[in-house]
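**Q** Provided below are the primary sequence and the corresponding predicted coordinates.
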Amino acid sequence: MSNIWAMTSVENQDQAEKRIPTLIHVPAVIRGLSVEPLLGPVDLTPWLNHVQWVIVGGESGRDARPMHPYWVCDIRDQCLAAGVAFFFKQWGEWAPITLGTESHPELWNDAKSWRSRMQRLGKKAAGRIFDGRTWNALPPIDLAENAMNNH
């Protein structure tokens, strides 16, 4: 379909493995992943050659869980390596802090090789700056325009 953009939500590796294979068989000019709320590390590399856009965001709401900066960084790097547009939507309720007290929870990976101190600020205050900047990449619109002009 020359004018269809299809997306699916992926919040963790289990859901990626269930939902993305279905998405890549949908006839669409643009396929994307809404990786939100990101609840754990996700390896998207097996499917990135079929996807043009990845949106990442944290969880909001009263019972929101923190999203580890490393998970975002890993997905961003996967996208950049594959030439896939990366859009960081928001931190959600929690944002990383560099200074804090022991009362802030720390997130560790299983190997305890990285950690991050997180602070609950609320969605608006937590914002959408990641790694010092906003990430607003969109899928290549010319793909959609070229497909529509060829039909």
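**A** Everything's here; your move.
**Q** mind listing the helices for the chain?
**A** All helices of the chain, identified by DSSP state H, fall at 13-23, 69-82, 123-126, 141-149.
**Q** between those, which one is nearest to R133?
**A** R133 lies closest to helix 69-82 among the helices of the chain, at 10.9 Å (CB to CB). For the C-beta atoms, the positions are set from N, CA and C on the backbone; glycine is no exception.
**Q** Endpoints of stretch 62-72, how far apart?
**A** With CA to CA, to the nearest Å as the measure, the ends of stretch 62-72 fall 22 Å from one another.
**Q** in this protein, which spans are strands?
**A** With strands called from DSSP state E, the chain shows them at 5-9, 30-35, 53-57, 85-90, 94-97, 106-108, 115-120.
**Q** Save the ones you listed as a markdown table, and put in mean neighbour count, distance to R65 and mean pLDDT too.
**A** Shown next, in a markdown table, are the strands of the chain (neighbours: other CB atoms under 10 Å; distance: least, CB to CB, whole Å; pLDDT from 0 to 100):
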| stretch | mean neighbour count | distance to R65 | mean pLDDT |
| --- | --- | --- | --- |
| strand 5-9 | 16 | 16 | 96 |
| strand 30-35 | 23 | 14 | 97 |
| strand 53-57 | 22 | 13 | 98 |
| strand 85-90 | 20 | 14 | 98 |
| strand 94-97 | 20 | 8 | 84 |
| strand 106-108 | 13 | 10 | 55 |
| strand 115-120 | 18 | 10 | 74 |
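**Q** what would those strands look like in JSON lines with distance to G127?
**A** Conversion of the strands of the chain to JSON lines gives the following (distance: least, CB to CB, whole Å):
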{"stretch": "strand 5-9", "distance to G127": "22"}
{"stretch": "strand 30-35", "distance to G127": "18"}
{"stretch": "strand 53-57", "distance to G127": "12"}
{"stretch": "strand 85-90", "distance to G127": "7"}
{"stretch": "strand 94-97", "distance to G127": "7"}
{"stretch": "strand 106-108", "distance to G127": "19"}
{"stretch": "strand 115-120", "distance to G127": "12"}
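**Q** Of the ones you listed, which is nearest P21?
**A** strand 5-9 (10.0 Å).
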